[in-house]
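> sequence-free structure coming up:
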């Protein structure tokens, strides 16, 4: 889903209620941010052996390999660790020059990691839907099925002796995905979204897929919900860890489903800036932390004792009413386990 689709969905979600311009702005900011932070089935980059297969010229290969060296921010974080230790299991051993890891995500189901997704981007690039991105998704779950890559152009490919599919998605922008499953292992998806033409992106996706090897490293999920409303208590949720410029951001969000509310929690040194509308806010104190509530938008903003900011929003279904959800958000915070702040030393690594 691109940002235009996110904006369209946000307007569709509020069209029947004719809310205030402030609510529209808050909803757009929240949903666009969610799509930018993570597209769980994402993109990747790779090429080389695949060049002859899909017709990429030597000049195109050379140009990709001559990208400038990456520049990734050095940022503070914390000791890392958390309540859930998640093995990565796989990683690509080849990436276009200048790409480094920028985002990590975990789908959590019944307190277990069902899916892991990793993104690599060029250094010093913006964290938005237009940035060239290489992605690897490890595992699958039914909640992701609506987002399974599909397209009219599909072909069978060989990924190191395992049968796979190369899918070119329809729509704009179109991106290639390589999907395969080694025997006895989770499904793997590699995707590539670069500024090159489609043949070049397909070559990148194939080379990255063919470079994927086992990885013994782990990642940790630090924060977790202690209480959720009954309609969200058994819903899978997504943990995202990344950065916005030189500051870290981690978020937890329930995975939307038809007719169900959507909860998002963002935590980091600077998460209020794109979401806070002060003239609509009312002061509040939760767990001894000072903050602001915006009942009309279902929002709660807090600043913790060390200056780290917390932003929560609970959105109602598109066709449903918009009741005041702040009391529920307050209880979520009261029983929320923030865990240790994340170790960000992995940013920019392969």
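Perfect, thanks for sending it. Because the structure is a prediction, the values reported are computed rather than measured.

> for this structure, where's the lowest mean pLDDT among helices and strands?
Every helix and strand of the chain was ranked by mean pLDDT, DSSP states H and E. The lowest is helix 49-54, at a mean of 29.

> and stretch 218-238, end to end?
17 Å (Cα to Cα, to the nearest Å).

> where in the protein is pLDDT low?
Scanning the chain for pLDDT under 70 picks out 1-70, 124-130, 318-321.

> which parts of it are helices?
Taking DSSP state H as the test, the helices found in the chain are 3-14, 21-37, 49-54, 58-65, 198-211, 326-334.

> I'd guessed residue 131 sits against residue 121; true?
Yes - here residue 131 reaches residue 121: they are 5.4 Å apart, a contact under Cβ atoms under 8 Å. The way it works is simple: take the backbone N, C-alpha and C, and place the C-beta from them, glycine included.

> looking at the two now, which is surrounded by more residues?
Set residue 131 next to residue 121 and count neighbours by other Cβ atoms under 10 Å: residue 121 wins out with 27 against 17.

> find the nearest non-adjacent residue to the more buried one, please.
Spatial nearest neighbour of residue 121, chain neighbours left out: residue 102 (4.4 Å); criterion: Cβ to Cβ, 6 or more residues apart in numbering.

> for residue 189, same thing?
Closest residue in space to residue 189, ignoring its immediate chain neighbours: residue 137 at 4.2 Å, by Cβ to Cβ, 6+ apart.

> from what I can see the one you found touches residue 188, true?
Yes - the criterion here is Cβ under 8 Å, and residue 137 meets it with residue 188 at 7.2 Å.

> so between the two, which is more surrounded?
In this view residue 137 and residue 188 are compared by other Cβ under 10 Å, and residue 137 has more residues nearby, 30 against 22.

> who's that one bridged to?
residue 117, residue 189 (DSSP bridges).

> how close does it sit to residue 270?
28 Å (Cβ to Cβ, to the nearest Å).

> wait, isn't residue 235 in contact with residue 254?
Yes - the criterion here is Cβ under 8 Å, and residue 235 meets it with residue 254 at 4.8 Å.

> and the two? which has more neighbours close in?
Taking other Cβ under 10 Å, residue 235 and residue 254 do not tie; residue 254 has more neighbours (24 against 18).

> with residue 238 as the reference, measure out to the more buried one.
Look at residue 254 and residue 238: by Cβ to Cβ, they are 8 Å apart.

> residue 171 now?
Taking Cβ to Cβ, one finds residue 171 at 23 Å from residue 238.

> those two: who's more crowded?
Set residue 171 next to residue 238 and count neighbours by other Cβ under 10 Å: residue 238 wins out with 22 against 10.

> bridging residues for the more buried one?
Applying DSSP bridges to residue 238 gives these bridge partners: residue 107, residue 253.

> residue 253 is in contact with that one, correct?
Yes - between residue 238 and residue 253 there is a contact under Cβ under 8 Å: 5.3 Å.

> quick one, what contacts residue 82?
Shown in contact with residue 82 (Cβ atoms under 8 Å, 6 or more residues apart in numbering): 220-224, 339-340.

> out of these, flag the one nearest to residue 181.
Nearest to residue 181 among these is residue 221, at 24.5 Å by Cβ to Cβ.

> report how many residues lie close to that closest one.
Counted with other Cβ under 10 Å, residue 221 comes out at 22.

> ok, it to residue 331 distance?
According to Cβ to Cβ, residue 221 and residue 331 sit 21 Å apart.

> got it, and residue 177?
For residue 177, the distance to residue 331 - Cβ to Cβ - is 40 Å.

> quick one: which of these two has more around it?
residue 177 (28 against 15).

> right, and that one touches residue 164 too?
No - counting by Cβ under 8 Å, residue 177 stays clear of residue 164, with 9.9 Å between them.

> so which bits of stretch 131-141 are buried?
The neighbour-count check on stretch 131-141 (16 or more other Cβ atoms under 10 Å) flags 131-140 as buried.

> nearest to residue 80 among those?
Nearest to residue 80 among these is residue 138, at 20.0 Å by Cβ to Cβ.

> how about the closest residue to the closest one other than its chain neighbours, what does it touch?
Leaving aside its sequence neighbours, residue 138 sits nearest to residue 116 (Cβ to Cβ, 6+ apart; 4.5 Å). Residue 116 makes contact with 86, 88-89, 104-107, 137-139, 219 under the criterion Cβ under 8 Å, 6+ apart.
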